[in-house]
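Novice: Model the following, please.
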Amino acid sequence: MPALKLNSDDEFVLNHCVKHLTRAGDPPAANDQAAAEIFRSSISEAWRFPVVSAMPAKADDPNLNRVTFVYKTRPDDVAPIAVIGTFANLHEALPLKPVSFEGLDTGYRAASFAVPKAQVHFYKYQVGGQFTLDPINPQRATQDNGQQWSRFFTDGYLQPLVLEPWEVQLLYRLIEQILPFRGAAAENFLKRYYFGLNREQRKADLPKAFRLDGSVGEVNAIDKLLAREEAHRLIDYRLCLRQIDRALRAQNPIIDPFEMPAPEYDILYERMAASKLGDGSIPGWDYSAYDNPAYFLYILRRHAVTAAFSHPKYGGNVEAAGWAYLSERFSEPQAASFFDWRPALEPPLGTSSYYS
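Specialist: Numbering: from 1, shown residues only. The predicted model follows:
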């Protein structure tokens, strides 16, 4: 698949570099991963690279993201730098060009490509003929042959990246008890909005929608948070989902945790919320592995709410269902909603002209 290269915009690249890379030290030598770790630790929000953003205004296809690769070197370093990856013909080295400011070489090399949304891709840089991982992007993926590649994903990718299948199942059940979609307000929304659509309308307007009494894509969004900006919390999930599984089995050894009724989860939530640091109050919980269940519950609640009510491009709030719930919840009879979310999205769901 040939890559669709976009016109490079030095100002666009520099805006991101100034915010996130200016405090970084000297770039590491190619394939010096120890130096790359030190280099990356000095970067503000390294997970923002490569830059996955909206297509430029008046783009022909709203189903594409603009993906901008940035490599930092020293000003006036003439070594050729290119990127290869699964977003293009895999063996095609795509050159990065120097980024200038007022006619001077900044040391940054960059290139932008149009990549379809809802995809995950792997890539490497070619620096002076030698292949290396991206020293900025912390995302890594090991292939079946043992080779390690840098990774990025575009908006709306729906498959798990870091969570295992059993963790995804358990997380769905945990979040069902946290978010407000099972109450009377949710039922009112379903009756007035979802159930009012006929089959053709649901298929046309809500192709990925989940019933609000189940999910609005929060687990998918949490998986993406843990793959990128909240990667430092993945270890909390790895440890605590195992402990939650153990604790639920201690409460009810007959039923698999994923199939347990809601009251079993309510009991566990109350115990987690009331627990003190290392107090041993939750049967089945291994406090030597993770001694603060209340803190993990705080993380989980924060992530669940973020996932349900953030912009749909982050993987949750599918088809703006969470925002639509808020719009219905915070309104008065015969009056406009206090929460007008449509200007934040492009048509057909929203009214924003930013992408047109």
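Novice: Strands along the chain, start to end?
Specialist: 4-6, 51-54, 64-72, 81-85, 94-95, 97-101, 104-116, 120-127, 130-132, 140-142, 148-153 (DSSP state E).
Novice: how's this structure carved up into domains?
Specialist: Following automatic domain parsing, one gets these domains for the chain: 4-153, 165-344.
Novice: so which of these gets nearest residue 350?
Specialist: Checking the domains of the chain against residue 350 by CB to CB gives domain 165-344 as the closest, at 4.4 Å. Glycine gets a C-beta too; all of them are placed from N, C-alpha and C.
Novice: just how off-centre is that closest one within its chain?
Specialist: With CA atoms, centre = their mean, to the nearest Å as the basis, domain 165-344 stands 15 Å off its chain's centre.
Novice: Just the endpoints, please. Distance across that domain?
Specialist: Using CA to CA, to the nearest Å, the span of domain 165-344 from its first residue to its last is 33 Å.
Novice: do the same with stretch 316-327
Specialist: Stretch 316-327: ends 17 Å apart by CA to CA.
Novice: Please apply the same query to stretch 153-161.
Specialist: Across stretch 153-161, first to last residue, CA to CA, it's 9 Å.
Novice: hmm, who's touching it?
Specialist: Contacts of stretch 153-161 with the rest of the structure, by CB atoms under 8 Å, 6 or more residues apart in numbering, involve 52, 65, 67, 115-121, 151, 168, 208, 217, 220, 223-224, 226-227, 312-315.
Novice: Could you rerun that using 7 Å?
Specialist: Residues outside stretch 153-161 that contact it (CB atoms under 7 Å, 6 or more residues apart in numbering): 52, 65, 67, 115-120, 168, 220, 223-224, 227, 313, 315.
Novice: Taking those residues, tell me the two that lie furthest apart.
Specialist: Those two in these that are separated most widely, counting by CB to CB, are 67 and 168, at 26.2 Å.
Novice: the more surrounded of the two?
Specialist: A direct count of neighbours by other CB atoms under 10 Å for residue 67 and residue 168 places residue 67 higher, at 25 against 16.
Novice: between the domains of the chain, which gets the lowest average pLDDT?
Specialist: Per-stretch averages of pLDDT across these put domain 165-344 at the bottom, with a mean of 82.
Novice: Which parts of the stretch 201-350 of the chain are helices?
Specialist: Taking DSSP state H, counting those that start in this stretch as the criterion, the stretch 201-350 of the chain carries its helices at 218-227, 234-251, 262-274, 293-309, 321-329.
Novice: Turn those into JSON lines, columns for mean neighbour count and distance to residue 175.
Specialist: Converted to JSON lines, the helices of the stretch 201-350 of the chain look like this (neighbours: other CB atoms under 10 Å; distance: least, CB to CB, whole Å):
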{"stretch": "helix 218-227", "mean neighbour count": "25", "distance to residue 175": "5"}
{"stretch": "helix 234-251", "mean neighbour count": "18", "distance to residue 175": "12"}
{"stretch": "helix 262-274", "mean neighbour count": "16", "distance to residue 175": "10"}
{"stretch": "helix 293-309", "mean neighbour count": "19", "distance to residue 175": "5"}
{"stretch": "helix 321-329", "mean neighbour count": "22", "distance to residue 175": "12"}
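Novice: May I see the ones you listed arranged in JSON lines, with distance to residue 158 as well?
Specialist: What follows is those, written out as JSON lines (distance: least, CB to CB, whole Å):
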{"stretch": "helix 218-227", "distance to residue 158": "6"}
{"stretch": "helix 234-251", "distance to residue 158": "19"}
{"stretch": "helix 262-274", "distance to residue 158": "25"}
{"stretch": "helix 293-309", "distance to residue 158": "13"}
{"stretch": "helix 321-329", "distance to residue 158": "15"}
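Novice: Would you mind saying which of these lies nearest residue 108?
Specialist: helix 218-227 (25.1 Å).
Novice: Return the list of helices and strands in contact with the closest one.
Specialist: helix 165-176, helix 293-309 (3 or more CB pairs under 7 Å, 6 or more residues apart in numbering; DSSP states H and E).
Novice: tell me which residues of the shortest one are tucked away?
Specialist: Buried positions in helix 165-176, judged by neighbour count with 16 or more other CB atoms under 10 Å: 167, 168, 169, 170, 171, 173, 174, 175, 176.
Novice: what angle separates that helix from helix 262-274?
Specialist: 80 degrees (axes from the mean of the first three to the mean of the last three CA atoms, to 10 degrees).
Novice: Helix 165-176 to helix 293-309, inter-axis angle?
Specialist: Using the same axes, to 10 degrees: helix 165-176 against helix 293-309 is 80 degrees.
Novice: circling back: and residue 351, which of the domains of the chain is closest to it?
Specialist: Of all the domains of the chain, it is domain 165-344 that lies closest to residue 351, at 4.7 Å by CB to CB.
Novice: Next, format the domains of the chain as JSON lines and append distance to residue 352.
Specialist: Putting those into JSON lines (distance: least, CB to CB, whole Å) gives the following:
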{"stretch": "domain 4-153", "distance to residue 352": "11"}
{"stretch": "domain 165-344", "distance to residue 352": "5"}
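Novice: For residue 230, see how far away the residue nearest in space to the middle of the chain is.
Specialist: Centrality entry for the chain: nearest residue to the mean C-alpha point is residue 224, 3.0 Å, by CA atoms, centre = their mean. From residue 224 over to residue 230 the distance is 9 Å, taken as CB to CB, to the nearest Å.
Novice: again, but for residue 323
Specialist: From residue 323 to residue 230 the distance is 22 Å (CB to CB).
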